[in-house]
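K.L.:
Kindly generate the corresponding structure for this input.
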Amino acid sequence: MTEVTSSTRRLAGHRPHRAPAALTSRSWQQPAAHQLRGMTSDVVLDMGWGRLVFGQTFADLSGVLAALRAEESGRRDICVYPWDPQVLVGMAPDELFIDPSFIFRLPLHRYRPREELIRGVFVRTVTSAAEMEEVNDLYARAGMVAADTATMWANHRTRRFTYLVAEDPRTGRIVGTVTGVDHHLAFGDPDGGSSLWCLAVDAQDAPPGTGEALVRVLAERYAARGRAHLDLSVMHDNSAAIHLYRKLGFDRVSAVCVKRKNPINTPLFAAPPPGLTQLNPYARVIADEALRRGIRVEVTDAEFGELRLSLGGRSVLTRESLSEFTSAVAMSRCDDKRVTRRLMERAGVRVPRGAVVGEGDLAAAHELLAACGSVVVKPARGEQGKGITVGVRDVEGLERAVPLALQHCPDVLVEELVAGDDLRVVVIDHRVVAAALRRPAEVVGDGRQDVTALVRETSRRRERATGGESSIPLDEATAEVVADAGHAMDDVLAHGQRLRVRRTANLHTGGTIVDVTDRLHPDIAAAAVRASRAIGIPVTGLDFMVPDVAGPEHVFIEANERPGLANHEPQPTVDRFVDLLFPETRRD
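P.N.:
Modelled structure (predicted):
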């Protein structure tokens, strides 16, 4: 296990390989026979998500072309260091393209460890096949191609490959990963090189500096082996990553990557539709999946998240996960929580006890509060958690909560507060596709910052992870939750101490989501399907309160006609949505 600390200032006991980088420092000259001597020829390494084709090991470009043509469906092969790449692409211009990325190189004899500690990050080697599944989850959250974990684990058991993970010591969660390839061990590289691939960091939970820590530890591993350099490929417009690499001492080299024109790579070689970059994350994931399938995408209103998807002579208008397939009647049934409750009761899905009240008429609410002891007050119509007050326990609280809800709707629904976890089940075409526990925003102490600073830091991470869709408000509600837990906003929490700062698990106010699809009890899944059929809606996010997601008990809370599909990686919610719209493009 390795941590980036000031104690690693010198990498003693080794002299880095300084052979002239004749094969990979330029791409315009075919290598001579003596340069290839001692090196394995025609090298292709299976990475699990695709293959690395090392172009400098091929004596003939036709061999490179044949290797790339052997790419499997759903995988992304990469040819790196091809000589005369423009000639290679010219041999099959309808099949190949030069990747719009830069290759950066860190000469390891120039590498200097960081002076001070990167706090809160522990970088270590992957220790089990199960952790490869967590690595794959990070790939999914980063929008990368999923990998075959058995292949990665087999690779990791050789010294040719290095799989590192970053762990948050406060939580024990894996929040980042990177893969290294030792070129010398893989194919006897006369340049003595190595390369970095698949750097992925959890934008929601990773402490600051996680990416830098992963890169540094990998560089130190290969420097200790005496490797000459560490190379990596980065997209030309990834300014944050490029800034990091330059800070660490990486410089650009003239080598390039060549890839196939497959559906996964479409955004890299085809011009994006106007307005694509202005879409929010929930619309963008749908646009990206459609483009990967060869479906035409027209951004009709970027601010609204509206798209027109066309294939052949048919087109469908969508707004995020809402489409023309959802009827106005189904939408109205979701919009009015009173109607939704009635439909659920008729379908045999349990709902909490409730009462509808209006301005100046709280008698029914007072009766329900007396009977239940604690209630939830919310507008009868509305979304995104606006106007909701959870955990009202007395008349004074009720008389504050009802006017707040009335600001959003003239009718207010008061329901018993059901104990348990907030569960979101996504149902598409009346089939359960994903289930996730939604947790209210919380902060984790570091022993240095007060609660206010922790909220700000955590909120910034949530904003980055969701494209600005999620943040934790610093308002009276946050201060009240903190006070109820026995703390003040200027308290400094102990290292690793968790503190919930919001009552509701709404994603727009900083709530987080944890996938539990594999643990979902069949009774809850069946209730979700009955609910979707009762509403008559093809795509919905159904909210339940459950004491245990693996148990049968559940209480229905509400239905959402436009669930955020981007929140449920690694489950294939976006794939199933596009399958619904264009079943002829389904891939499995």
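
K.L.:
Please point out which parts of stretch 410-430 sit buried.
P.N.:
411-418, 420-428, 430 (16 or more other CB atoms under 10 Å). In this view, the C-beta of every residue, glycine as well, is placed from N, C-alpha and C.

K.L.:
Do me a favour and get the end-to-end distance for that stretch?
P.N.:
Distance across stretch 410-430, first residue to last, is 33 Å (CA to CA, to the nearest Å).

K.L.:
what does stretch 233-243 give?
P.N.:
First-to-last residue span, stretch 233-243, CA to CA: 14 Å.

K.L.:
can you list contacts of it?
P.N.:
With contacts defined as CB atoms under 8 Å, 6 or more residues apart in numbering, stretch 233-243 is touched by 78, 80, 99-104, 197, 199, 211, 245, 257.

K.L.:
Which stretches in the stretch 251-400 of the chain count as helices?
P.N.:
266-269, 281-292, 328-335, 337-346, 363-372, 395-406 (DSSP state H, counting those that start in this stretch).

K.L.:
Indicate which one of those helices is closest to His554.
P.N.:
helix 337-346 (11.2 Å; CB to CB).

K.L.:
What sits closest to Glu212 if chain neighbours are left out?
P.N.:
Among residues not flanking Glu212 along the chain, Leu244 sits closest, at 6.0 Å (CB to CB, 6 or more residues apart in numbering).

K.L.:
which parts of the helix or strand hosting the one you found are buried?
P.N.:
Under the criterion of DSSP states H and E, Leu244 resides in helix 239-247. Applying a neighbour-count criterion of 16+ other CB under 10 Å, one finds 241-242, 244-245 buried in helix 239-247.

K.L.:
Those: which two are farthest apart?
P.N.:
Ile242 and Leu244 (7.3 Å).

K.L.:
who touches the closest residue to Val578 other than its chain neighbours in this structure?
P.N.:
Nearest non-adjacent residue to Val578, counting by CB to CB, 6+ apart: Glu289, 5.1 Å away. Shown in contact with Glu289 (CB under 8 Å, 6+ apart): 574-575, 577-578.

K.L.:
Could you do Val514 as well?
P.N.:
By CB under 8 Å, 6+ apart, the residues touching Val514 are 436-437, 439.

K.L.:
can we see that at 10 Å?
P.N.:
421, 435-439, 549 (CB atoms under 10 Å, 6 or more residues apart in numbering).

K.L.:
CSV for the residues you listed, including pLDDT, distance to Ile118 and secondary structure?
P.N.:
Listed next are those as CSV, based on pLDDT from 0 to 100; distance: CB to CB, whole Å; DSSP: H, G, I helix; E, B strand; the rest coil:
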residue, pLDDT, distance to Ile118, secondary structure
Asp421, 90, 34, strand
Ala435, 97, 35, strand
Ala436, 95, 30, strand
Leu437, 94, 30, strand
Arg438, 88, 31, strand
Arg439, 86, 27, strand
Val549, 95, 35, coil
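
K.L.:
so where's the protein uncertain?
P.N.:
1-22, 26-32, 34-35, 384-385, 467, 588 (pLDDT under 70).

K.L.:
hang on, the earlier thing: of the contacts of stretch 233-243, which belong to helices?
P.N.:
Among the contacts of stretch 233-243, DSSP state H puts 211, 245 in helices.

K.L.:
I'd like to know which of the contacts of stretch 233-243 are buried.
P.N.:
78, 80, 99, 101-104, 197, 199, 211, 245, 257.

K.L.:
which ones among the residues you listed are found in strands?
P.N.:
Assigned to strands by DSSP state E, the following of the buried ones among the contacts of stretch 233-243 qualify: 78, 80, 101-104, 197, 199, 257.

K.L.:
what's the closest of those to Arg464?
P.N.:
Of all these, Leu199 has the smallest distance to Arg464: 15.9 Å, by CB to CB.

K.L.:
residues in contact with the closest one?
P.N.:
138, 142, 144, 164, 176-179, 210-211, 214-215, 218, 232, 234, 241, 244-245.

K.L.:
excluding its backbone neighbours, what's nearest the residue most central in space within the chain?
P.N.:
By CA atoms, centre = their mean, the chain has its centre lying nearest to Arg141, at 2.0 Å. Setting aside the residues directly before and after it, Arg141 is nearest to Glu569 in space (CB to CB, 6+ apart), at 4.9 Å.

K.L.:
So what's the residue count around that neighbour?
P.N.:
If you count neighbours by other CB atoms under 10 Å, Glu569 ends up with 21.

K.L.:
Surely it touches Ala200?
P.N.:
No - contact between Glu569 and Ala200 fails when scored by CB atoms under 10 Å: they sit 11.7 Å apart.

K.L.:
intersection of neighbour lists for those two?
P.N.:
Shared contacts of Glu569 and Ala200, counting by CB under 10 Å, 6+ apart, come down to 137-143.

K.L.:
Most neighbours among these, which one?
P.N.:
Ranked by the number of neighbours (other CB under 10 Å), the shared contacts of Glu569 and Ala200 place Leu138 first, at 23 neighbours.

K.L.:
I'd like to know which elements the helix or strand hosting that residue is packed against.
P.N.:
Following DSSP H and E, one finds Leu138 within helix 129-141. Helices and strands touching helix 129-141, by 3 or more CB pairs under 10 Å, 6 or more residues apart in numbering; DSSP states H and E, are helix 149-156, strand 161-167, strand 174-182, strand 193-201.

K.L.:
Good, wrapping up.
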